[in-house]
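Colleague: I would like the atomic coordinates for the input below:
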Amino acid sequence: MIFFLLTMQYFLKARFGFDKNQFADLMLLITIVGSISQLFVLPRFASTIGERKLLSAGLFMEFTNMQMAVVSISWAPWVPYLTTLFVPGAMLVMPSVCGIASRQVGPGEQGKMQGCISGVKSFGKVVAPFVFSPLTALFLSNNAPFYFPGFSLLCISLSSMIGFFQSLMIKDVPPSQLNKEINSTSREEV
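Modeller: Predicted coordinates for the structure are as follows:
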């Protein structure tokens, strides 16, 4: 998410002349809508439809609307503001991933699993700007292979679509089987 916002900032400044105040307004809207979705939407939907389906829905919304695919083809400066309405779906992805992964391991391995997820996120935050910033600069320049100023944002959007297809292949762990494994692991540790 962070690398996307940095790439989007670069794109919006070059494409529409956004200044720091306009980008700050956009960030404030994203934060408010995202906070509301995590406080009220996530708990209700996670218990109703399950985290796996919530993850798939969030990744699909991230692909279609969460300021990637739409902003990459935006035609006016107001389009990024409108797409903040679709932020709740994207804000459901990481809590769902953590919840699903947490249920896959026993109580003694929770720290390792959360550390692994944090490591992967941190690696992505370091590597992504090295990939997407030059790509954005290339397609915003006069030397672009073809005219598509938002091509880097579309690439980010397509990576979310790959994640969506992979989320469809996640198997649900039956709660009874998981509870038996956790209880047997807990007894072995004692």
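Colleague: helix or strand next in line after the helix ranked longest in the chain, which one?
Modeller: When the chain is parsed with DSSP state H, its longest helix is helix 110-140. Where DSSP states H and E defines the elements, the next helix or strand beyond helix 110-140 is helix 151-167.
Colleague: distance from the chain centre to that following helix, please.
Modeller: 10 Å (C-alpha atoms, centre = their mean, to the nearest Å).
Colleague: right, and residue 153 touches residue 11 too?
Modeller: Yes: using C-beta atoms under 8 Å, residue 153 is in contact with residue 11, at 6.2 Å. In short, each C-beta sits where N, CA and C put it, glycine included.
Colleague: so which strand or helix has residue 9?
Modeller: Judged by DSSP H and E, residue 9 forms part of helix 2-16.
Colleague: ok, and for the longest helix of the chain, which residues are buried?
Modeller: For helix 110-140, a neighbour-count test (16 or more other C-beta atoms under 10 Å) marks 128, 129, 132, 135, 136, 139, 140 as buried.
Colleague: do the same with stretch 96-111
Modeller: Result for stretch 96-111 [16+ other C-beta under 10 Å]: buried residues 96, 97, 99, 100, 105, 106.
Colleague: out of these, which are inside helices?
Modeller: Short answer: those in helices (DSSP H) are 96, 97, 99, 100.
Colleague: specify which member of the buried residues of helix 110-140 is nearest to residue 92.
Modeller: Closest approach to residue 92 among these (C-beta to C-beta): residue 128, at 20.6 Å.
Colleague: per-residue confidence for that closest one?
Modeller: Per-residue pLDDT puts residue 128 at 79.
Colleague: measure it to residue 134 for me?
Modeller: 11 Å (C-beta to C-beta, to the nearest Å).
Colleague: again, but for residue 18
Modeller: Counting by C-beta to C-beta - residue 18 and residue 134 are separated by 20 Å.
Colleague: kindly report the same for residue 63.
Modeller: Residue 63 is 23 Å from residue 134, where distance means C-beta to C-beta.
Colleague: same question, residue 41
Modeller: The gap separating residue 41 from residue 134 is 36 Å, by C-beta to C-beta.
Colleague: tell me, how many residues neighbour the nearest residue to residue 164 once chain neighbours are set aside?
Modeller: If the residues on either side of it in the chain are set aside, residue 164 comes closest to residue 59, at 3.9 Å by C-beta to C-beta, 6 or more residues apart in numbering. For residue 59, the neighbour count with other C-beta atoms under 10 Å is 27.
Colleague: so which strand or helix has residue 59?
Modeller: Assigning secondary structure by DSSP H and E places residue 59 in helix 51-64.
Colleague: other SSEs contacting that helix?
Modeller: Applying 3 or more C-beta pairs under 8 Å, 6 or more residues apart in numbering; DSSP states H and E, we find helix 51-64 packed against helix 42-49, helix 87-90, helix 93-104, helix 151-167.
Colleague: which stretches of this structure have low pLDDT?
Modeller: Scanning the chain for pLDDT under 70 picks out 1-7, 10, 64-74, 86, 89, 172-190.
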